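Asks: sequence first, predicted coordinates after that:
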Amino acid sequence: MFIDYAKIRVDGGRGGNGCRSFRREKHVPHGGPDGGCGGDGGDVIALADPDINTLIRYNYKKHFEGGDGKAGQGSNKYGKSGDDVFIKFPLGTVIYEIDEAGNRIQKIADISDENDKAVLAKGGKGGRGNAVFTSTTNQAPTRFEKGEKGEVKHLEVVLKLMADAGLVGFPNAGKSTLISHLSAAHPKVASYQFTTLQPCIGVVRVDEIHSFVMADIPGIIEGAHNGKGLGIQFLKHIERNKVLLYVMDITQPQLDEKFQTLKNELASYKKSLVNRESLIVLNKIDLIPKGDLDKYVKVVKENLQDKNIKIIPVSAATGKNLDKLKYEVYHIIKKLK
Ligand SMILES: Nc1nc2c(ncn2[C@@H]2O[C@H](COP(=O)(O)OP(=O)(O)OP(=O)(O)O)[C@@H](O)[C@H]2O)c(=O)[nH]1
Ligand SMILES: [Mg+2]
């Protein structure tokens, strides 16, 4: 899981003051009270934004304030409420209130769905004008209230990034090489099995504003569900991924069987994983003789039980076809969103 932090401060807007006023008209020497109430201060509100996946913007802007309410006026005019201020967070953001020393006090928001919304700091209430205090025993109240201050909160914002696409495959297939060429992530790459021991997450940039998150996990072997190799516990990291990329080494024999083995292992972890949108990434095409690629791909295709799955031949090492793979994955994710 890729974790991103930010510390921000949010201030609700101040409530507008209530007004003390008495009606003044030519023929009414002692007009009744007509001071209006102040408007409420604006709130600072967190919204989900599924199109962003970092908290980087909060390294630049760290202070957000709701608009102040306007004061009430004579003739029973209410003050206008302050504007609410909306700030956007990626899905997977958890927001904690912290004290001056930075210790967490409580969790105040968990942004996990695109419709999630949470008030981070409430604006202060507008003060009441003197007209409100009129009663049978007091026809000419002079009392009015000042607007209240808005809430001020110091917040710690933590993003637990959920990957959109997960790489699954046998050890040595080139998963870590792939993610290190597609993103800024740099997991260890080596020519022995089980190089990757920890899941790793990278943000894959598709263009200037669009990106998706990819997860690299340890290799899986036959019997992993019985604890062979590194087991299958780490499949929890790809459990919520929208797309699974089965990465296979094109130079290996019986890729159709290998694909089935991978699916069986995934199914023993969770049945529905094998129905997830997926692609086969045939890696290391730089190792097969030039001109033989189509023949290799055809053999794999013919032997596969699943005729609908798309196969994308690439070379993670040389970068061949990686752009195509990137766009293909992005389009699937976008379609599912
Ligand atoms: N020739 C060639 N070698 C590659 C390619 N991709 C990866 N390799 C090599 O294959 C070996 C394994 O690569 P990794 O990226 O560590 O493989 P992995 O799937 O992450 O392996 P595990 O972490 O053990 O599951 C390394 O020696 C890589 O340099 C490729 O496209 N072409
Ligand atoms: Mg690896």
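Replies: Noted; the coordinates are in hand. Ligands and ions are numbered 1, 2, ... in the order given.
Asks: going by C-alpha atoms from here, please, whenever you check contacts or count neighbours.
Replies: Noted.
Asks: next up, the contacts around Ile288.
Replies: With contact set as C-alpha atoms under 8 Å, 6 or more residues apart in numbering, Ile288 has these partners: Thr251.
Asks: angles on the backbone of it, please.
Replies: phi -100, psi 150 (degrees, to the nearest 10).
Asks: helix or strand for the residue of the stretch 201-337 of the chain at minimum distance from ligand 2, which one?
Replies: Scanning the stretch 201-337 of the chain for the residue nearest ligand 2 gives Pro218, at 5.7 Å (criterion: C-alpha to the ion). Element membership for Pro218, per DSSP states H and E: none, as it lies in no helix or strand.
Asks: state the distance from the closest residue to it other than its chain neighbours to Gly41.
Replies: Computed as C-alpha to C-alpha, 6 or more residues apart in numbering, the closest residue to Pro218 that is not its neighbour in sequence is Thr196, at 4.9 Å. Distance of Thr196 to Gly41, given as C-alpha to C-alpha, to the nearest Å: 52 Å.
Asks: more neighbours, those two?
Replies: Set Thr196 next to Gly41 and count neighbours by other C-alpha atoms under 10 Å: Gly41 wins out with 33 against 21.
Asks: Arg104 contacts Ile95, doesn't it?
Replies: No - using C-alpha atoms under 8 Å, Arg104 is not in contact with Ile95; the gap is 9.9 Å.
Asks: so those two - more neighbours on which side?
Replies: Between Arg104 and Ile95, counted using other C-alpha under 10 Å, Ile95 has the larger neighbour count: 25 against 15.
Asks: without its sequence neighbours, what residue ends up closest to that one?
Replies: Val157 (4.6 Å).
Asks: check contacts around that neighbour.
Replies: Here Val157 is in contact with 5-8, 93-96 (C-alpha under 8 Å, 6+ apart).
Asks: show me which of the residues you listed is closest to ligand 1.
Replies: Sorting the contacts of Val157 by distance to ligand 1 puts Tyr5 at the head of the list, at 27.5 Å, by C-alpha to the nearest ligand atom.
Asks: the closest residue to that closest one other than its chain neighbours: what secondary structure?
Replies: In this structure, Tyr5 finds its nearest non-sequential neighbour in Val158, 4.8 Å apart by C-alpha to C-alpha, 6+ apart. With DSSP: H, G, I helix; E, B strand; the rest coil as the basis, Val158 sits in strand.
Asks: residues touching Val158, list them.
Replies: Neighbours of Val158 in contact, by C-alpha under 8 Å, 6+ apart: 3-6, 93-95.
Asks: just the buried ones from those residues, in PyMOL syntax?
Replies: Selection of buried members from the contacts of Val158 for PyMOL, criterion 16 or more other C-alpha atoms under 10 Å:
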select buried, resi 5+6+93+94+95
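Asks: what segments of the chain are strands?
Replies: In the chain, the segments counted as strands under DSSP state E are 2-11, 44-48, 63-65, 85-89, 93-98, 104-111, 117-121, 152-161, 165-169, 200-205, 211-216, 243-249, 277-283, 310-313.
Asks: wait, Pro90 touches Pro50, no?
Replies: Yes - with contacts counted by C-alpha under 8 Å, Pro90 reaches Pro50, the gap being 5.7 Å.
Asks: end to end, how far does stretch 294-314 reach?
Replies: OK, stretch 294-314 end separation, C-alpha to C-alpha: 12 Å.
Asks: may I see the buried residues of it?
Replies: Buried-residue list, stretch 294-314, by 16+ other C-alpha under 10 Å: 296, 300-301, 304, 311-314.
Asks: sorry, back to before: and Pro90 and Pro50? which has more neighbours close in?
Replies: Neighbour tally, Pro90 and Pro50, criterion other C-alpha under 10 Å: the higher count belongs to Pro90, 22 against 16.
Asks: distance of the more buried one from Asp116?
Replies: In terms of C-alpha to C-alpha, Pro90 sits 11 Å off from Asp116.
Asks: which neighbours do these two share?
Replies: Ala48.
Asks: could you list the domains of the protein?
Replies: 2-160, 162-336 (automatic domain parsing).
Asks: winner for burial among the ones you listed?
Replies: Highest mean neighbour count of these: domain 2-160, a mean of 20 (counted as mean count of other C-alpha atoms under 10 Å).
Asks: just how off-centre is that domain within its chain?
Replies: 25 Å (C-alpha atoms, centre = their mean, to the nearest Å).
Asks: what of stretch 163-171?
Replies: 20 Å.
Asks: how much space between the residue most central in space within the chain and ligand 2?
Replies: What sits nearest the mean C-alpha location of the chain, by C-alpha atoms, centre = their mean, is Leu91, with 2.2 Å. Using C-alpha to the ion, to the nearest Å, Leu91 is found at 27 Å from ligand 2.
Asks: report the contact partners of that residue.
Replies: Taking C-alpha under 8 Å, 6+ apart, one finds 48-50, 53, 111-114, 159, 161 in contact with Leu91.
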